[in-house]
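Asker: Fold the stuff below for me.
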Amino acid sequence: MTAAVHPAAPHMLPSFITAPGETDYLLIIAGITLVGAVLGVGLLFLRLHTLPERMAHRAHKLQFEIVAVLGLLALFTHIHLFWVAGLLLALIDLPDFSGTFGRMASALETIAGKAPDESQDTGTPAAEAAVVTPVKASPESPPAALGNVASTEEKGNA
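Answerer: The predicted model follows:
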């Protein structure tokens, strides 16, 4: 029994219509394109999602860790406010107060006559840190800053 072609059917079919039992190349190309598009959009989303972390990587360690935690919270909770907060925190350069406060503390220890603690990291390089030995005043002589005042008071009283 032979299959007769219907008289209303066209004699030339388009190339994307395959005969029964043959490979459908258009379906294979569409499947590969769909898988590639899903992977590409997923990679773009993850790259965009890690943008605050990559921006804060050059910043201080504590700031980087806070931005990383905010990014993870945004990823797992789907609350986009965490991502926005992490992006804003990554854009802002926080000043390094630890180095300044460490230098102030070591200067105050030097003024007080106590040797700075060697195990404490002040955040200053060794070239910047200058060791200053306090000048001990003798009991007979007044302190240098008060010396002029004491001598003028003595002159005024005399």
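
Asker: alpha carbons only for contacts and neighbour counts from here, please
Answerer: Fine.

Asker: C-terminal to the helix or strand harbouring I29, what's the next element?
Answerer: I29 is part of helix 25-49 when elements are defined by DSSP states H and E. Using DSSP H and E, the helix or strand that directly follows helix 25-49 along the chain is helix 51-56.

Asker: Which strands or helices does that next one pack on?
Answerer: Other elements packing on helix 51-56 under the criterion 3 or more CA pairs under 8 Å, 6 or more residues apart in numbering; DSSP states H and E are helix 61-77, helix 80-91.

Asker: Do me a favour and average the pLDDT over it.
Answerer: Helix 51-56 shows a mean pLDDT of 85.

Asker: CA atoms only: put it into CSV for me.
Answerer: C-alpha atoms of helix 51-56 as CSV (Å, rounded to 0.1, in the frame of the first residue of the first chain):
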residue,chain,number,x,y,z
LEU,A,51,29.3,42.9,42.3
PRO,A,52,29.3,44.5,45.8
GLU,A,53,31.8,41.8,47.1
ARG,A,54,34.2,42.4,44.2
MET,A,55,34.0,46.2,44.7
ALA,A,56,34.6,45.9,48.5
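
Asker: what residue ranges in the protein score low on pLDDT?
Answerer: Along the chain, the parts satisfying pLDDT under 70 run over 1-2, 96, 116-158.

Asker: So what does L13 look like in phi/psi?
Answerer: Backbone torsions of L13, given as degrees, to the nearest 10, read phi -90, psi 150.

Asker: Then the one 5 residues further on?
Answerer: The phi/psi pair for T18 (degrees, to the nearest 10) reads phi -100, psi 160.

Asker: Could you report the neighbour count for the nearest residue to it once chain neighbours are set aside?
Answerer: Nearest non-adjacent residue to T18, counting by CA to CA, 6 or more residues apart in numbering: D24, 6.2 Å away. Other residues near D24 number 13, with proximity taken as other CA atoms under 10 Å.
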